[in-house]
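Student: Let me see the structure of the following:
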Amino acid sequence: MSTDPDSRTSMARRYRAMLASDAFIVSPGIYDGYSARLVQAAGFRCAATSGAAIANAALGIEDIGIMGLAENVAHCRHLVRAVDIPVTCDADNGYGNPVNVFHTVREFEAIGAAGVNIEDQVAPKRCGHMPGKEVVGLNEMIKKVEAACLARRDDAFVIVARTDAIATEGIEGAVRRARAYAEAGADMIFPDAVRSEEEIARIVAAAGVPVSVNMGFGIRARPTTPLIPIPRLKALGVRRISLPRMLPAAAIRGMKEALAVMRAVLDSGQPVDRPDLLASIDEIWELMDFAGARALEQELLSTEQLERRYGIGADAGAAPAGAGRPKDA
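Tutor: Numbers count the residues shown, from 1 in each chain. Next up is the predicted model:
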């Protein structure tokens, strides 16, 4: 992770440059330190926090509007600082009226996020693929978008306006809102729970700014949006896809399988070695940059402290074998 302040403050500009290029943006959803660092190590150029995954993983509850602004910002601060790639954050519905949205944007910009999603759901909001959603009036959301744009100190900070209106107003309402939000200053339109390629094409045509859609790659029980190949999404004019549920779903499946094996071990009383289910300690150290932590100790601690911790010798303070620095994405 970079500690250069200029590097941290340039994340919005780096993300803005991606939007200005012809590159198709893929943003895996992150929700903890492991997922954030794994996305970077896998070579992805950016990431997006998943509000649903954070609520699920950090609070142990469903994404039904219980998590507050302070909890979300505090959690996202760690994720943004853990990596050297731009991270956009899910700011739910802005946590109130346009005045609240103003302060919400200030909070997320201050932690170094590259941008935020603000959605048009009524509070308490819920996961975009759940039934029972409601949306605020068009004029109220326009004011929220204007407040978000006004709040940012750096014009590069990206305002993503999400609409959940397809569920309540149909595609006609979503098209109308996409156009209005873009005119209000949104840098990207995010129609959630789109139901077909035709709906995506209509949103793209109406928006006039980059459009992002959610995809559920790898999830067997898909909620609303059908799986569409990336070449086809590009042809439809989509500029970004986010994958909010892929990593938490993979983690849940992996943990369930490991616990099932452990349960069987306890029942049988026989030890079982299943390295195929687990990352090694060396892999975890490498992912978390243990080598970097040890190198910093060697630079900053006294010889006496290093000898007391690690013993005398040329290798005092050095990282154990296999604990290398992860490659930058």
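
Student: For the longest helix anywhere in the chain, name the packing helices and strands.
Tutor: For the chain, the helix with the greatest residue count under DSSP state H is helix 246-268. Secondary-structure packing of helix 246-268 (3 or more C-beta pairs under 8 Å, 6 or more residues apart in numbering; DSSP states H and E): strand 25-30, helix 33-41. Yep, even glycine has a C-beta here, placed from its N, CA and C like the rest.

Student: what's next to the first one, contact-wise?
Tutor: Think strand 25-30. Strand 25-30 has contacts (C-beta atoms under 8 Å, 6 or more residues apart in numbering) with 18-19, 35-36, 39, 44-50, 53, 79, 87-88, 212, 230, 239-248.

Student: ok, now the longest one?
Tutor: With contact meaning C-beta under 8 Å, 6+ apart, helix 33-41 is reached by 28-30, 47, 78-79, 82-85, 87, 247-248, 251, 287-288, 326-329.

Student: Just the buried ones from those residues?
Tutor: With burial judged by 16 or more other C-beta atoms under 10 Å, the buried subset of those is 28-30, 47, 79, 82-85, 87, 247-248, 251, 287-288, 326, 329.

Student: picking that back up, and the contacts of strand 25-30, which of them are in helices?
Tutor: Members of these lying in helices (criterion: DSSP H): 18-19, 35-36, 39, 53, 79, 230, 246-248.

Student: Now do the next helix or strand after the longest helix of the chain, average pLDDT.
Tutor: Scanning forward in sequence from helix 246-268 by DSSP states H and E, the next helix or strand is helix 281-287. For helix 281-287, mean pLDDT rounds to 96.

Student: sorry, back to before: so the longest helix of the chain versus helix 33-41, what angle?
Tutor: 130 degrees (axes from the mean of the first three to the mean of the last three C-alpha atoms, to 10 degrees).

Student: From the chain's centre, how far out is stretch 106-119? Work that out for me.
Tutor: The chain centre lies 12 Å from the centre of stretch 106-119; the measure is C-alpha atoms, centre = their mean, to the nearest Å.

Student: Now it: buried residues?
Tutor: Of all the residues in stretch 106-119, those buried under the rule 16+ other C-beta under 10 Å are 107-109, 111-119.

Student: Lowest-scoring secondary structure element of this protein by mean pLDDT?
Tutor: None of the helices or strands of the chain scores lower by mean pLDDT, DSSP states H and E than helix 5-9, at a mean of 51.

Student: Could I get the full set of helices for the stretch 51-200 of the chain?
Tutor: Here the stretch 51-200 of the chain has its helices, by DSSP state H, counting those that start in this stretch, at 51-54, 69-82, 98-110, 138-151, 166-183, 197-207.
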